[in-house]
Each structure stands twice: as structure tokens, then as C-alpha cells.
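[1] Give the three-dimensional model of this entry:
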Amino acid sequence: MLRAAQLPLSLPRRWGVALRLLFLAAVAAYLLDRLTALGWAEVVAGVPRQASFYLLFVLIFLAVPASEWLAYGRSWFRLAPAGRYWRAFPVFVRKRIFNTALFDFSGDLMLAGWARSAFKLPFRTALETVKDNYILATSTSAALAASVIALYLATGRRAALFRLDDTATLSLAAGAMLLPLVWPVALIFRRNILALSGAEARAVVGIYGARFVIVQLLLLLQWHLVLPGVALQTWFGFLVVHIVLTRVPVLPAKDLLFLGAGIGLASAVGLPEAAVAGMLLATSALTHLSNLVLFVLTSFVTQD
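    Numbers count the residues shown, from 1 in each chain. Okay, here's the model as predicted:
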């Protein structure tokens with residue numbers, strides 16, 4: 001009886017895991033083929049040597065936990081022992097790792113469980129704060145992302161985006177259609193779905209909006225430092241693809257997807273593919289290495 005009752009739930013979960021693994025295997029096989037065709041020696045030679053590239057990576061990596069530490073502080077700062085809210089920062093680093101390395105919202109659930117224990121909150125109250133921040137962060141970045149996409153499309157130099165492989169094109173099209181819908185829905189139903197006051201919600205939106213702008217500017221600067229001769233308009237196209245791919249829900253290994261899309265886009269616009277591949281491969285490798293190291297470190301500092 002128990003096994004029969006669990007069957008409808010376990011099968012979809014197993015199919016989801018299997019599909020995720022198949023998708024990752026397909027992405028890995030595609031990238032291996034592309035990088036091998038470019039030549040591993042050329043790709044390795046394209047790995048950035050500038051120290052500033054790696055400094056900017058650190059800033060970009062920490063932008064998410066830093067902004068969330070500030071945003072959640074609007075609700076939780078007063079609950080922490082005097083002057084000790086700073087100790088929550090490693091938890092937000094861990095949240096970022098969960099969301100990027102596992103699946104979307106897994107880090108948010110982890111954060112709600114931590115807040116319940118750390119601040120002696122009912123789980124529903126902790127989850128409500130997480131839900132409000134998730135909605136505001138997602139809707140704010142979606143609105144700004146849609147604005148960036150619209151600005152790029154308005155420039156008239158967009159054809160190269162649609163000469164990518166089918167996966168990147170479909171992801172771009174889906175994201176471009178869905179992103180603008182999130183913000184109006186959030187505004188219309190704010191009173192029904194958000195527990196935060198209007199002033200708190202505006203402050204949180206300001207934090208997440210500033211994060212979005214800062215991260216995009218840092219990405220443009222990072223790419224420019226590696227290939228300074230490339231026109232800003234070209235990097236703007238890369239940025240549009242990155243924005244869409246990193247915001248399509250449930251897609252695993254988004255950094256690897258962007259690596260593949262970036263190589264395709266480099267070929268389409270006439271950039272040195274090996275140099276672009278080396279740069280994006282370095283970013284992907286650093287992301288996974290940082291996730292691993294910081295996951296281990298934060299497992300110690302976040303223990304009660």
C-alpha cells in the first residue's frame with residue numbers, strides 16, 4: 001500500500017533526475033566536441049592571465065550573497081543578537097551554492113530552515129520572508145533584463161543572436177517572451193502575495209535592482225579586459241544571451257550552456273573562438289571550484 005501510494009510521486013522525481021542527467025550529458029558532449037575542434041592548446045592559451053579578471057570574478061560571485069544579506073537584513077537584522085547579523089553572511093554564500101549547483105529554490109528552502117533555527121521563528125514565517133525576497137528579486141531582475149533585451153534589439157544589430165544553435169535560440173526566445181511578464185504580475189498582486197510593507201518592499205527592490213546593474217557592468221568590464229579590441233555592442237550581445245540563459249527556470253548547468261552559446265556567438269560575430277572559449281571556460285571552472293571550496297568552508301561556519 002505504501003509503495004503504491006508513493007509511486008505517482010517517485011516516478012516523476014526519478015524521471016526528472018534522469019532527464020536532468022541526460023541534459024547535462026548532452027551539454028557536456030557538445031562542449032567537449034566544440035572545445036576539441038578548437039584545439040585544447042589554443043583554448044588553454046586563451047585562459048585569461050590578467051589578475052583583474054579574477055578579482056572581478058570574486059566581486060561578481062559575492063554580489064548575490066552580499067545583496068541578499070542586505071535585503072534579508074530588512075526583516076532579520078533586529079532578530080539577531082546585537083551586532084551579530086554579519087555572521088549570517090556565510091549562509092547566503094551557501095544559499096547561492098545550493099541554487100546554482102543543485103536546482104533553483106533549493107538554497108531558498110535551506111535558508112528558511114536556517115532562519116527558523118537561528119532566529120527561533122515559525123517555519124511559515126521564515127518561509128514567508130524567503131518567498132517575498134524571491135518574488136521581488138526575480139521580478140526586479142526580470143523587468144531589468146527585459147529592458148536590456150529591448151535596448152539591444154532596438155539597436156538593430158541583433159542578427160548574430162539568431163545564428164546560434166537551436167538550443168540557445170530557443171532559450172533566448174522563451175526568455176524574451178517570459179521575462180517581461182513577471183514584474184507586472186508581481187505589482188498587481190503585491191498586496192495578496194507579499195507580507196513586506198510597501199517601504200520594505202521598495203528598499204528590497206532597490207537592493208536587487210542595484211545588484212543587477214552592478215553585475216552586468218562588471219561582466220562587461222571583465223570581458224573587455226580580456227579582449228579590449230572588441231566593440232561594446234558585441235559584448236552587449238553576449239550579455240543579452242547570458243541574461244536570458246541564466247534566468248530560464250529549471251535549466252541545469254547554466255554556466256556550461258552559456259559557454260556553448262558563447263562559442264557559437266563568437267563564431268557568428270567573428271571573434272577568436274579559442275580566446276572566448278578560454279575566458280568562459282575559466283569562469284565556469286572557477287564557479288564550480290568556488291562552489292566546492294565554499295560549500296566545505298560554510299558547512300563549518302554555519303553550524304549551530
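[2] Give me the residue ranges of this protein where confidence is low.
    1-35, 38, 82-83, 156-193, 249-252, 301-304 (pLDDT under 70).
[3] So which residue is dead centre in it?
    For the chain, the residue nearest the mean C-alpha position is residue 246 (5.0 Å; C-alpha atoms, centre = their mean).
[4] Give me the spatial nearest neighbour of that residue, chain neighbours excluded.
    residue 254 (5.1 Å; C-beta to C-beta, 6 or more residues apart in numbering). Heads up, the C-betas are built off the backbone N, CA and C, glycines and all.
[5] who's in contact with that neighbour?
    With contacts defined as C-beta atoms under 8 Å, 6 or more residues apart in numbering, residue 254 is in contact with 100, 245, 246, 248.
[6] now residue 39
    In this structure, residue 39 makes contact with residue 274, judged by C-beta under 8 Å, 6+ apart.
[7] same deal with the one 4 residues further on?
    With contacts taken as C-beta under 8 Å, 6+ apart, residue 43 has the following neighbours: 35, 274, 277, 278, 281.
[8] Which residues belonging to the helix or strand containing residue 61 are considered buried?
    Assigning secondary structure by DSSP states H and E places residue 61 in helix 51-76. By neighbour count with 16 or more other C-beta atoms under 10 Å, helix 51-76 contains the buried residues 53, 56-57, 60-76.
[9] what element comes up after that helix heading to the C-terminus?
    Per DSSP H and E, the first helix or strand lying C-terminal to helix 51-76 is helix 89-101.
[10] what does that next one rub up against?
    With C-beta under 8 Å, 6+ apart, helix 89-101 has contacts from 61-62, 64-66, 68-69, 72, 105-108, 110-111, 114, 254-255, 287-288, 291, 294-295, 297-299, 301-302.
[11] Which of these fall within strands?
    Residues of the contacts of helix 89-101 located in strands (DSSP state E): none.
[12] So which of those residues are in helices?
    Mapping these onto helices (DSSP state H) picks out 61-62, 64-66, 68-69, 72, 106-108, 110-111, 114, 254-255, 287-288, 291, 294-295, 297-299, 301.
[13] which ones are touching residue 77?
    If you count contacts by C-beta under 8 Å, 6+ apart, then residue 77 has residue 85 around it.
[14] what's the spacing between it and residue 268?
    As for residue 77, its distance to residue 268 is 47 Å (criterion: C-beta to C-beta, to the nearest Å).
[15] now swap in residue 239 and tell me
    From residue 239 over to residue 268 the distance is 15 Å, taken as C-beta to C-beta.
[16] Looking at these two, which one has more neighbours?
    Taking other C-beta atoms under 10 Å, residue 239 and residue 268 do not tie; residue 239 has more neighbours (20 against 15).
[17] which SSE is that one in?
    Going by DSSP H and E, residue 239 is part of helix 232-245.
[18] Contacts only, for residue 214.
    residue 63.
[19] Now it: which helix or strand?
    Counting by DSSP H and E, residue 214 is part of helix 198-226.
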